[in-house]
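J.: Give me a 3D structure for the following:
(one chain, ligands or ions: 1)
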Amino acid sequence: MITYELGNALYLNITNRCTNNCKFCIRQYSPGVGDYNLILDKEPTTKEIIEAIGDPTGYKEVVFCGYGEPLLRLQVVVDVAKYIKKTYPATPVRINTNGQANLIYKEDVTPYFKGIIDAVSVSLNAENAEKYNEICRPEYGEDAFYSVLEFIRKCKSHVPYVIATVVDIPEIDIDKCRKLAEELGVEFKIRRFEKKIG
Ligand code: SF4
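T.: Numbers count the residues shown, from 1 in each chain. Next comes the predicted model:
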């Protein structure tokens with residue numbers, strides 16, 4: 001399933017790959033969200049995603065989320081977001097990401113978001129690199145956490161609304177994470193642990 005609805009938003013599932021392997025990731029426990037099966041036989045093309053979106057007017061936003069890390073398909077995200085903004089300019093577009101794109105591409109990709117992405121929600125997930133490694137088990141080791149912090153800072157220059165999120169699992173110190181988000185100058189959101197993705 002490429003698109004699915006949650007809370008009057010349209011979610012786009014464009015990859016099942018991820019550079020993390022979070023302990024709480026729903027992919028560990030379920031083939032999807034609710035009745036939606038989100039295991040992809042193959043990653044959809046830009047054309048297939050646009051066709052699956054149809055007319056998004058009426059949704060409060062369109063969200064690149066996936067059952068994996070959407071920015072592993074950066075060019076597809078940019079192309080689809082450009083299409084949405086050109087065709088349905090009133091529809092807000094958000095990316096839910098693990099925040100490792102600059103590490104993956106070895107460049108600052110956040111300027112690509114300017115004018116086409118309204119919000120970026122970054123999974124901060126921990127108050128320090130050690131804890132992040134323990135919980136998210138990133139392919140990139142400790143570099144991942146520092147890259148996430150830098151990605152959040154960079155996003156602020158190009159995206160109107162940037163949010164750092166954590167999942168309320170006992171291992172993390174929520175107050176320290178909130179303080180870190182404050183220092184980064186972004187919104188902070190706690191997501192309830194229910195075998196989450198993103
Ligand atoms: S929760 Fe998100 S970042 Fe973590 S493994 Fe799952 S898809 Fe990747």
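
J.: How much space separates Met28 from Ala90?
T.: Check again: residue 28 is Gln, not Met. 37 Å (CB to CB, to the nearest Å). The C-beta positions use only the backbone N, C-alpha and C, and glycine is treated the same way.

J.: actually Arg178, not the one I typed
T.: According to CB to CB, Arg178 stands 32 Å off from Ala90.

J.: okay, Gln28 and Ala90: which has more neighbours?
T.: When Gln28 is set against Ala90 and neighbours are counted by other CB atoms under 10 Å, the residue ahead is Gln28, at 11 against 7.

J.: What's the separation between the more buried one and the ligand?
T.: Distance, Gln28 to the ligand, using CB to the nearest ligand atom, to the nearest Å: 8 Å.

J.: Over to Ala52?
T.: In terms of CB to the nearest ligand atom, Ala52 sits 20 Å off from the ligand.

J.: lowest-confidence helix or strand of the chain?
T.: Sorting the helices and strands of the chain by mean pLDDT, DSSP states H and E puts strand 32-33 at the bottom, at a mean of 71.

J.: Return the residue of the chain that is most distant from the centre.
T.: Largest separation from the mean C-alpha position in the chain: Thr87, at 22.8 Å (CA atoms, centre = their mean).

J.: Report pLDDT for that one.
T.: Confidence at Thr87, expressed as pLDDT, is 98.

J.: List the contacts of it.
T.: By CB atoms under 8 Å, 6 or more residues apart in numbering, no residues touch Thr87.

J.: Using PDB, write out every CA atom in the biggest strand by length in the chain.
T.: Longest strand in the chain by number of residues (criterion: DSSP state E): strand 161-167. Output in PDB follows, covering the C-alpha atoms of strand 161-167 (Å, rounded to 0.1, in the frame of the first residue of the first chain):
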ATOM      1  CA  TYR A 161       8.000  24.200  11.000                       C
ATOM      2  CA  VAL A 162      10.500  21.800  12.500                       C
ATOM      3  CA  ILE A 163       9.600  19.400  15.200                       C
ATOM      4  CA  ALA A 164      11.800  17.000  17.300                       C
ATOM      5  CA  THR A 165      10.000  14.000  18.600                       C
ATOM      6  CA  VAL A 166      10.600  11.200  21.100                       C
ATOM      7  CA  VAL A 167       8.700   8.100  21.900                       C
END
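
J.: ok, that strand: who's next to it in the sheet?
T.: Partners of strand 161-167 in the sheet, by DSSP bridges, are strand 119-123 (parallel), strand 187-191 (parallel).

J.: tilt between the helix or strand following it and strand 119-123?
T.: Using DSSP states H and E, the helix or strand that follows strand 161-167 towards the C-terminus is helix 174-184. Angle, helix 174-184 to strand 119-123, by axes from the mean of the first three to the mean of the last three CA atoms, to 10 degrees: 140 degrees.

J.: State the mean pLDDT of helix 174-184.
T.: Averaging pLDDT along helix 174-184 yields 98.

J.: now do stretch 36-55
T.: 94.

J.: circling back to that earlier point, can you put the strands paired with strand 161-167 in JSON lines and add mean pLDDT, distance to the ligand and mean neighbour count?
T.: As requested, those are exported to JSON lines (pLDDT from 0 to 100; distance: least, CB to the nearest ligand atom, whole Å; neighbours: other CB atoms under 10 Å):
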{"stretch": "strand 119-123", "mean pLDDT": "98", "distance to the ligand": "6", "mean neighbour count": "24"}
{"stretch": "strand 187-191", "mean pLDDT": "96", "distance to the ligand": "10", "mean neighbour count": "15"}
